[in-house]
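Participant: please find the sequence and the predicted model below.
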Amino acid sequence: MKKQVIQRTETIDLVNCKKVFFDYDGNLFSINREVPEYRHYNVPKDVEDVWKKTIINNLLEEVENSIGHEKTVKVTKLLAIYGHSNNIQLLEALLEDDTLDTFSKILYLEDLNREKLGVNISIKYKILKIEDPKSYITDLNDKILDYKSKLLNSPITIDESFKQNYALKYYDFSDENIIRRIENI
């Protein structure tokens, strides 16, 4: 994404800040990296929360109305701002969707596995408060193994949008490679 510059003025330019916030889909990590002067404007958290809620609602609708590669791009943007427990619920719902192709489900299962690691870290540093963290992680591991088993025992399907995507033009979509990728989760 093209680096943006916010012109510094004495007052908060909420219109300009909102544009930056929405251009980066509310991902503060990306905003702080690409537009460091944004943080100097001290946009009120409640304002950012409203913007974030709008972005989340828009992305949820776009996830619902898209398929294949486009859907995975929208899910990735949503995962960056949604929060661990919401991310896990979203990914579980996607993994239960029988209309999705195998490759999409692999990507979502890999995301779920990464979320599990994030939850572990958040629990360790008491960022995320879960009543019984050990059981929570055990249940999540069991779900991941269950989804993995379902993928390994289902016919392999690949949405054509992945095969036509330039970034994946050299990817090996053979059954053997897909099975190997599932096994490595």
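Facilitator: Yep, that arrived. Numbering: from 1, shown residues only.

Participant: now do the same for Leu168: its pLDDT.
Facilitator: Per-residue pLDDT puts Leu168 at 96.

Participant: I figured it hits Phe162, correct?
Facilitator: Yes. Taking contacts as C-beta atoms under 8 Å, Leu168 lies within contact range of Phe162: 5.6 Å. The C-beta positions use only the backbone N, C-alpha and C, and glycine is treated the same way.

Participant: so for the two, which residues contact both of them?
Facilitator: Taking C-beta atoms under 8 Å, 6 or more residues apart in numbering as the contact rule, Leu168 and Phe162 both touch His69.

Participant: quick one: which of these two has more around it?
Facilitator: Phe162 (18 against 15; other C-beta atoms under 10 Å).

Participant: send me stretch 40-59 as CSV with only the CA atoms.
Facilitator: Extracted in CSV, the C-alpha atoms of stretch 40-59 (Å, rounded to 0.1, in the frame of the first residue of the first chain):
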residue,chain,number,x,y,z
HIS,A,40,0.5,12.0,17.4
TYR,A,41,-3.1,13.1,16.7
ASN,A,42,-4.4,11.1,19.6
VAL,A,43,-7.7,10.2,18.0
PRO,A,44,-10.0,9.3,20.9
LYS,A,45,-10.3,5.6,21.4
ASP,A,46,-14.1,5.8,21.4
VAL,A,47,-14.0,7.4,17.9
GLU,A,48,-11.6,4.6,16.7
ASP,A,49,-13.9,2.0,18.2
VAL,A,50,-16.8,3.3,16.2
TRP,A,51,-14.7,3.3,13.0
LYS,A,52,-13.5,-0.2,13.9
LYS,A,53,-17.0,-1.5,14.4
THR,A,54,-18.0,-0.1,11.0
ILE,A,55,-15.0,-1.8,9.3
ILE,A,56,-15.8,-5.1,11.1
ASN,A,57,-19.4,-5.0,10.0
ASN,A,58,-18.4,-4.2,6.4
LEU,A,59,-15.8,-7.0,6.4
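
Participant: what sits up against that stretch?
Facilitator: The contact list for stretch 40-59 (C-beta under 8 Å, 6+ apart) reads 6, 8, 12-14, 17-18, 21-22, 25-26, 28, 74, 77-78, 81-82.

Participant: and with 6 Å instead?
Facilitator: Residues outside stretch 40-59 that contact it (C-beta atoms under 6 Å, 6 or more residues apart in numbering): 12, 17, 21, 25-26, 74, 77-78.

Participant: which of those fall in helices?
Facilitator: 17, 21, 74, 77-78 (DSSP state H).

Participant: quick one: buried ones out of the residues you listed?
Facilitator: Buried by 16 or more other C-beta atoms under 10 Å: 17, 21, 74, 77-78, out of those.

Participant: and of the residues you listed, the nearest to Glu92?
Facilitator: Distance ranking of those against Glu92, using C-beta to C-beta, places Leu78 first at 13.9 Å.
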